[in-house]
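**Student:** Pasting the sequence and the predicted model now:
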Amino acid sequence: MAEVIIVKNQDEAGALYAKSVADLIERKPFAVLGLATGSTPLVAYEHLALEVRDRGLDVSHVRGFALDEYAGLPVEHPESYRSVITRTVVEPLGLDPKHVHVPNGALETIATAGADYDRAIEEAGGIDVQILGVGTDGHIGFNEPGSSLASGTRIKTLTQQTRVDNARFFDGDMNQVPTHCITQGIGTIMKARHLVLLAFGENKADAVAASVEGGVSAMCPASALQLHPHATFIVDEAAASKLKLADYYRWVYENKPAWQGI
């Protein structure tokens, strides 16, 4: 079973993630970070930037791999995930841009881009810690319900709902939202040595409960984390509100040896 940590708010969650990753960078300067976009991980990146500054960490050798990218969207577009990762991670943390990778969404090479990306992750030694959010339907990355739990990085067709949801980033015009993306598959994600999934708000409660306490199923992609040897769910009280074993998770974390970290 994955570890579940129930926190008061997003700041507490971000601080836990940041301390864990900063500790990793201190002992492993060539650490490889898995990076997610969206609103959920922003607080974690903000806290990590503070940890890097306050500790005076050298991050010049830290490497990063993003979860996904839109297919056919120019990298210079402000809503490409290359641009988003640059704004929210690379610049605030002071990472070397040449060490931070995003799947290649160029249409002319899309047929081989997934295999190329998985190969690049392997050549970097694999991802040390992958941060994740979860959709209300249990999706992680762009792995919507029904995605293979063994999938590698590949092209996916976005659901209409996902395109509607993401239209807010494209001036509200769904016609500007790409119909395809390239995303790390669940099988790729599961190869990371540590998975940290953040979830906040009551609208994520069903997905969190299904992911942690439901059956492992492609219909809830995040449920695959139950099979990972080191997966951590950090959720606020609202997102934890439908967990049957919430009191047990609190007890376990309160009595966890400090040296274990998360």
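**Tutor:** Perfect, I can see it now. Since the structure is predicted, the reported quantities are computational estimates derived from the model, not experimental observations.
**Student:** Do a quick rundown of the helices in the chain.
**Tutor:** Using DSSP state H, the helices found in the chain span residues 10-27, 42-55, 81-85, 91-93, 110-123, 160-166, 186-189, 205-213, 246-254.
**Student:** what's the neighbour count on residue 41?
**Tutor:** Residues within reach of residue 41, counting by other CB atoms under 10 Å, total 23. To be clear about C-beta, it is placed using only N, CA and C from the backbone, and glycine gets the same treatment.
**Student:** Quick check: it vs residue 214, distance?
**Tutor:** Distance, residue 41 to residue 214, by CB to CB, to the nearest Å: 23 Å.
**Student:** deepest of the helices of the chain, which one?
**Tutor:** Burial of the helices of the chain is given as mean neighbour count (mean count of other CB atoms under 10 Å); helix 186-189 ranks first at a mean of 24.
**Student:** who touches that helix?
**Tutor:** Counting contacts by CB atoms under 8 Å, 6 or more residues apart in numbering, the residues outside helix 186-189 that touch it are 34, 67, 118, 121, 130, 132, 140-141, 143, 147-153, 195, 221, 224.
**Student:** ok now do residue 114, which residues does it touch?
**Tutor:** By CB under 8 Å, 6+ apart, the contact list for residue 114 reads 103, 152-155, 182, 185.
**Student:** How about residue 71?
**Tutor:** 105, 107, 110, 155, 178, 180-182.
**Student:** go on, residue 208?
**Tutor:** When the contact criterion is CB under 8 Å, 6+ apart, the partners of residue 208 are 134, 199, 233, 235, 239-240, 242-243.
**Student:** May I see those organised as CSV, with distance to residue 19 added?
**Tutor:** Conversion of those to CSV gives the following (distance: CB to CB, whole Å):
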residue, distance to residue 19
134, 22
199, 19
233, 17
235, 17
239, 20
240, 21
242, 28
243, 24
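**Student:** Okay, and which of the residues you listed map to strands?
**Tutor:** Cross-referencing these with the strands (criterion: DSSP state E) gives 199, 233, 235 as the overlap.
**Student:** got the helices of the chain as a markdown table, with mean pLDDT columns?
**Tutor:** Formatted as a markdown table, the helices of the chain follow (pLDDT from 0 to 100):
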| stretch | mean pLDDT |
| --- | --- |
| helix 10-27 | 98 |
| helix 42-55 | 98 |
| helix 81-85 | 97 |
| helix 91-93 | 97 |
| helix 110-123 | 97 |
| helix 160-166 | 85 |
| helix 186-189 | 98 |
| helix 205-213 | 98 |
| helix 246-254 | 97 |
